[in-house]
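Asker: could you look at this predicted model? Sequence included:
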Amino acid sequence: MKIDFGKTAADYGRHRAGFPDALFDRLATCGVGTRGQRILDLGTGTGALARGFARRGCVVTGLDPSAPLLDEARRLDREAGVEISYVMATAEVTGLPDASFDVVSAGQCWHWFDRERAALQVRRLLVSGGRLVIAHFDWIPLPGNVVEATEQLVERHNPEWKLGGRNGVYGPWLRDVAVAGFSDIQTFSFDVNVSYTHAAWRGRMRASAGIAASLPPDAVAKFDDDLRRLLAAQFPAEPLETLHRVFAVVCRSSTSRILGEGRGEGRR
């Protein structure tokens, strides 16, 4: 399934819920997100994670291969009154200098990378003892809830979409960072409810990988109309309360670093 989130940049910026403040509070207890830290946010998209760090006084660079998403990120930064530098590149081949960041983060995107190469790139970019943060903020399908019903609708409209039914916890990421030589590996998770109007939930779904990022416009419109009908029939009350799970991996780079860009060019 070919994914291009740039095709849905407006809905992505407007309707995809940013990471909750509680994530940044928890990361602060791990020494991440303190004022003045140099942070690189890989796969930044519209900058949701990057802005959270910038609001806390960090010096933030966001990196993404999609120009439309970065344009939307800059618009949202202006509205939020924060300054973030952006680089258009991939997580596997950033073009950034060795040992130039205290923290590298990846929010809602590690699964899109060539994970082995991205992890080695992160080690090269971090100062000795610097930290990598991999964070997710996922909706959680449960029997009978609006998330489960919506995922089933996505699967009917796009059988190639295989990202449904997840529990929001990503064990394989722990192996990724261990193999790449990171240490002091920690994880945490917690649940929150996110409220959506019907219109906002439809926008959130249009901004997902299985809909506007991968389907043609006429198919997106058909899905959106079917979702409108589903919500009116099965979940008429507003706002919709949708269960979400925050999951994060925090780890530390070793004293020895990977130097140089590595071989080849990665693609997200």
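Answerer: Noted; the coordinates are in hand.
Asker: C-alpha only now, for contacts and for neighbours.
Answerer: OK.
Asker: skip the chain neighbours and tell me the closest residue to residue 9.
Answerer: Nearest-residue entry for residue 9: residue 69, 5.3 Å, with adjacent residues in sequence omitted and distances by Cα to Cα, 6 or more residues apart in numbering.
Asker: local confidence estimate at that neighbour?
Answerer: Looking at residue 69, its pLDDT stands at 96.
Asker: verify the contact between it and residue 48 for me.
Answerer: No. In this structure residue 69 lies outside contact range of residue 48 using Cα atoms under 8 Å: 11.1 Å.
Asker: what about the residue nearest to residue 9, neighbour count?
Answerer: Neighbour count for residue 69, taken as other Cα atoms under 10 Å: 25.
Asker: and it, what helix or strand is that in?
Answerer: helix 67-80 (DSSP states H and E).
Asker: quick one: buried residues of the following helix or strand past that helix?
Answerer: Next in sequence after helix 67-80, counting helices and strands by DSSP H and E, comes strand 85-87. For strand 85-87, the neighbour count (16 or more other Cα atoms under 10 Å) marks 86, 87 as buried.
Asker: can you give the distance of strand 85-87 from its chain's centre?
Answerer: Put simply, strand 85-87 sits 16 Å off its chain's centre (Cα atoms, centre = their mean, to the nearest Å).
Asker: from residue 51, how far out is the residue nearest to residue 9?
Answerer: As judged by Cα to Cα, to the nearest Å, residue 69 and residue 51 stand 14 Å apart.
Asker: give me the low-pLDDT residue ranges for the stretch 151-268 of the chain?
Answerer: 255-268 (pLDDT under 70).
Asker: now the strands for it?
Answerer: 183-196, 240-252 (DSSP state E, counting those that start in this stretch).
Asker: residue 251 contacts residue 129, correct?
Answerer: No. In this structure residue 251 lies outside contact range of residue 129 using Cα under 8 Å: 9.3 Å.
Asker: looking at the two, which is more packed in?
Answerer: Counted by other Cα under 10 Å, residue 251 and residue 129 do not tie: residue 251 has more neighbours, with 24 against 18.
Asker: against residue 123, how distant is that one?
Answerer: Taking Cα to Cα, one finds residue 251 at 11 Å from residue 123.
Asker: same check on residue 111?
Answerer: Counting by Cα to Cα - residue 111 and residue 123 are separated by 18 Å.
Asker: contacts only, for residue 148.
Answerer: 140, 141, 142, 165 (Cα atoms under 8 Å, 6 or more residues apart in numbering).
Asker: what helix or strand is it located in?
Answerer: Per DSSP H and E: helix 146-157 holds residue 148.
Asker: make CSV out of the strands of the stretch 151-268 of the chain and add distance to residue 205.
Answerer: Below are those laid out as CSV (distance: least, Cα to Cα, whole Å):
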stretch, distance to residue 205
strand 183-196, 11
strand 240-252, 13
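Asker: quick one: closest of the ones you listed to residue 28.
Answerer: strand 240-252 (11.1 Å; Cα to Cα).
Asker: nearest residue to the residue sitting nearest the centre point of the chain in space, please, no chain neighbours.
Answerer: Residue closest to the mean C-alpha point of the chain, counted by Cα atoms, centre = their mean, is residue 108 at 2.2 Å. Nearest non-adjacent residue to residue 108, counting by Cα to Cα, 6+ apart: residue 136, 4.8 Å away.
Asker: looks to me like the one you found is in a strand.
Answerer: Yes. Assessed with DSSP: H, G, I helix; E, B strand; the rest coil, residue 136 lies in a strand.
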